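> quick one: sequence and predicted model below, then my questions.
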Amino acid sequence: MSVLVNKDSKVIVQGFTGTEGTFHAQQMIEYGTNVVGGVTPGKGGSKHLDKPVFNTVKEAVEKAGANVSIIFVPPAFAADAIMEAADAGIKVIVAITEGIPVKDMMQAKHYLKGKNVTLIGPNCPGVITPGEAKVGIMPGFVFKKGRIGIVSKSGTLTYEAADQIVKAGLGISTAIGIGGDPIIGTPTKEAVEMLMNDPETDAIVMIGEIGGNYEALAARWIKETGNKKPVVGFIAGQTAPPGRRMGHAGAIIGGADDTAAAKMKIMGECGIHVCQSPAEIGETMLKALGK
Amino acid sequence: MNIHEYQAKEILKKHGVTVQEGIVADTPEAALEAAKKLHAETGTSWYVIKAQIHAGGRGKGKVQETGSNGVVLAKKLEDVTEKAAGILGGTLVTHQTGPEGKKVNKILIAQDVYYPGESEPKEYYLSILLDRAKSCNVIMASTEGGMDIEEVAEHHPEKIVKEWIDPTVGLQGFQARKVAFALGLEGEAFKQMVKFIYALYDAYVANDASMFEINPVLKTSDNKILAVDAKVNIDDNALYRHKAVAEMRDISEEDPLEVEAGENNLNYVKLDGNVGCMVNGAGLAMATMDIIKLSGGEPANFLDVGGGANAKTVEAGFRIILKDPNVKAILINIFGGIVRCDRVANGVVEAYKNIGNIAVPIIVRLQGTNAEEGARIINESGLKVKSAVVLKDAALLVKEALA
């Protein structure tokens, strides 16, 4: 099982022949991801990295059976790429692109409503199911296979969490980098829900940041549904000043409810094992599992 | 990106939003000329002189050098020069600027709009912003104009009305009417408010804004609706398609270290603490700041060197952090994925040698791709740099450095 991506996923790369697309497509192929081709409008019919290049996503779906797409298209064209993938019938879209205008994402997100598709990102490291498929830019070797799911807004902090989980003698079922933008396809709660329903996941690490209310919504949902699996949580930005954007477009404290302290309090009240320090994710998970 | 009130009003006017008219000036003499011109254009005989800084609370704020408020009224033309001189060039401290205040380089000479007439003038609050939870824009309005909306939300949440806008169809007529009725308006003022809300939303969408706050919106004694103040924030990611707006950036409003960092493609935010940090990735950077605090220090900055940490970016980062005299130690925290730790380590050593004479202790934590090789390079460099692999050890080293 696992969630979103696995060894049967047929992945295409949108923005295949660009620098980023080329580099990461190669890395994904080396990891063992089943990359069936890529899309670069105008370069259809050629080959890149020994894989076919298509003009449209529709063609890639029809000819190569693609059902997962990863997007490296530049910000100005990325929302269009997301909508093209959804229109073509792609089931899981992973948008890596950072810097997409909010207005474009708002339209893309509403375009996706009612369609049978899951968007992960944008501005995210992607999704990895260790040993099966890496659809993202994360260093694959950090993620050893196991039964802990990870949901995170951040890239390198996801790697940090995975590394601590592995050093604690555990492993990862699927890690989902949901992205650090104000508008993302799959908020924290939806990603956590996937892992809660996954029989191959025993416990979940949920990493958030200042800004927005996604973590609070997820925490309340976890409590309402009876805390079915242990969840370890951390919120980055306990020392961030209000009103300043901390790197990620969405990481800004706008009010009393989106500070790290407020989120951690809600998470604690909802039965989540909250770490004060990002260095304690691994050991907190061991405690949560009663080990 | 933040812009000044006078720039915000320029943008609003272009989209048909009615505003309190004004002319910007940067000397007391120019202020007098502006007042004369404004008199000729609008007939106003009172002049509101408003400091142009990127912070709110100007009316109650004080100019340190002269004791003048940040917004003052000149009731005759002869007073304009002197009152303008009381603000221009001074340091304005408001509850939003912090105690160091902000230097006032420009003032706006604006018409008086609170003149008496057939009805009482009344102030309202209007804003448009992104509702992240609903992934769409929301219009917020309140009868409590002139007050901080946070205060209204806390004490009188029932006095705030919200209207969510479907991004696929945009603002609808009934929604603008709902807001105007909720503000208790009728007759001509109602009609003008509906038009005002329409024009405001149009300006918001057309400019890729991420926040508009018009506080106050004024109903004048002759039932006009005007934006008296305007706070406008534009989505940085969309500036590439708004060249004219991008040119409104005022670098003098920004921290010089942050400007320098931006020129080096570094994402840097200056803070008040004593431990500098340099990290790859925004989330890990925030987490590193938190580690510093838990180790007994206070973060001196946020600094994300991004995915391509190399000798050049590391050196630029070092130089920027070291310009902050409060920094007593530096923690470099890199999780190597695509970036290889040995390369980062070489970058650190090279940058250290190039700068020379770094007086503060440096702790380098390298984890991920080639982490051991990275640690070896640091340890064998002979420099006063300590290395760690696990985040916990890095925290301990910070604690030791501060002890």
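Looks like it came in fine.
> so in terms of bridging, what pairs with the residue nearest to B:T369 when sequence neighbours are not counted?
Once flanking residues are discounted, B:T369 sits nearest to B:G336: 4.0 Å by CB to CB, 6 or more residues apart in numbering or on different chains. C-betas here are computed from N, CA, C, even on glycine. Beta bridges link B:G336 to B:G368 when assigned by DSSP bridges.
> run through the residues that contact B:G336.
A:P139, B:V344, B:L366, B:Q367, B:G368, B:T369, B:N370, B:A371, B:G374 (CB atoms under 8 Å, 6 or more residues apart in numbering or on different chains).
> residue contacts, the fifth one?
Yep, that's B:G368 we're talking about. B:G368 makes contacts with A:P139, A:V142, A:Y159, A:D163, B:I334, B:F335, B:G336, B:G337, B:V339, B:C341, as judged by CB under 8 Å, 6+ apart.
> so which of these wins on neighbours?
Within the contacts of B:G368, neighbour counts (other CB atoms under 10 Å in any protein chain shown) peak at B:I334, which reaches 30 neighbours.
> and the pLDDT for it?
Confidence at B:I334, expressed as pLDDT, is 91.
> quick one: it and B:L366 touch, right?
Yes. The criterion here is CB atoms under 8 Å, and B:I334 meets it with B:L366 at 5.4 Å.
> who touches both of these two?
B:C341, B:V344.
> in three-state terms, label the residue of the stretch 201-350 of chain B found nearest chain A for me.
Chain A sits closest to B:G283 of the stretch 201-350 of chain B, with a gap of 2.1 Å, by CB to the nearest CB. Assigned by DSSP: H, G, I helix; E, B strand; the rest coil, the conformation of B:G283 is helix.
> which one is it nearest to, not counting chain neighbours?
A:S154 (2.1 Å).
> contacting residues for that neighbour?
Contact analysis of A:S154 by CB under 8 Å, 6+ apart lists A:G177, A:G180, A:I207, A:E209, A:A236, A:H248, B:G281, B:A282, B:G283, B:L284, B:M286, B:A287.
> which helix or which strand is home to B:V217?
B:V217 is part of strand B:209-219 when elements are defined by DSSP states H and E.
> then that strand to PDB, C-alphas only?
Coordinates of each C-alpha in strand B:209-219 appear next as PDB, following Å, rounded to 0.1, in the frame of the first residue of the first chain:
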ATOM      1  CA  ALA B 209      -2.100  42.400  -4.000                       C
ATOM      2  CA  SER B 210      -1.800  40.300  -0.900                       C
ATOM      3  CA  MET B 211      -3.300  42.900   1.400                       C
ATOM      4  CA  PHE B 212      -5.300  46.100   1.200                       C
ATOM      5  CA  GLU B 213      -6.200  47.900   4.400                       C
ATOM      6  CA  ILE B 214      -8.200  51.100   4.100                       C
ATOM      7  CA  ASN B 215      -8.500  52.500   7.500                       C
ATOM      8  CA  PRO B 216     -10.300  54.800   7.700                       C
ATOM      9  CA  VAL B 217     -12.700  54.800   4.800                       C
ATOM     10  CA  LEU B 218     -14.600  58.100   5.200                       C
ATOM     11  CA  LYS B 219     -18.100  59.000   4.400                       C
END
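> from the rest of the structure, what touches it?
Strand B:209-219 is contacted from outside by A:102, B:20, B:113-114, B:119, B:121-130, B:145-147, B:149, B:185, B:189, B:192-193, B:196, B:200, B:203-204, B:225-235, using CB under 8 Å, 6+ apart.
> same check on stretch A:248-255?
The contact list for stretch A:248-255 (CB under 8 Å, 6+ apart) reads A:99, A:102, A:123, A:153-154, A:180-182, A:184, A:209-212, A:237, A:240-246, A:259, B:132, B:150, B:236-237, B:282-283, B:286.
> could you count how many residues lie near A:A81?
Count around A:A81 with other CB under 10 Å applied: 25.
> okay, and the beta partners of A:M206?
Beta-bridge partners recorded for A:M206 (DSSP bridges): A:V151, A:G233.
> contacting residues around it?
So A:M206 contacts A:V151, A:S152, A:T188, A:V192, A:E215, A:A218, A:V231, A:V232, A:G233, A:F234, A:M267, A:I272 (CB under 8 Å, 6+ apart).
> got a quick PyMOL command for the buried subset of those residues?
Under the burial definition 16 or more other CB atoms under 10 Å in any protein chain shown, those of these that qualify are selected in PyMOL by:
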select buried, chain A and resi 151+152+188+192+215+218+231+232+233+234+267+272
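> one step back: the residue nearest to B:G283 falls within a strand, correct?
No. Applying three-state DSSP, one finds A:S154 to be coil, outside a strand.
> report pLDDT for it.
With respect to pLDDT, A:S154 scores 89.
> rewinding a little: adjacent strands (with direction) for the strand holding B:V217?
strand B:122-131 (antiparallel), strand B:225-227 (antiparallel), strand B:231-234 (antiparallel).
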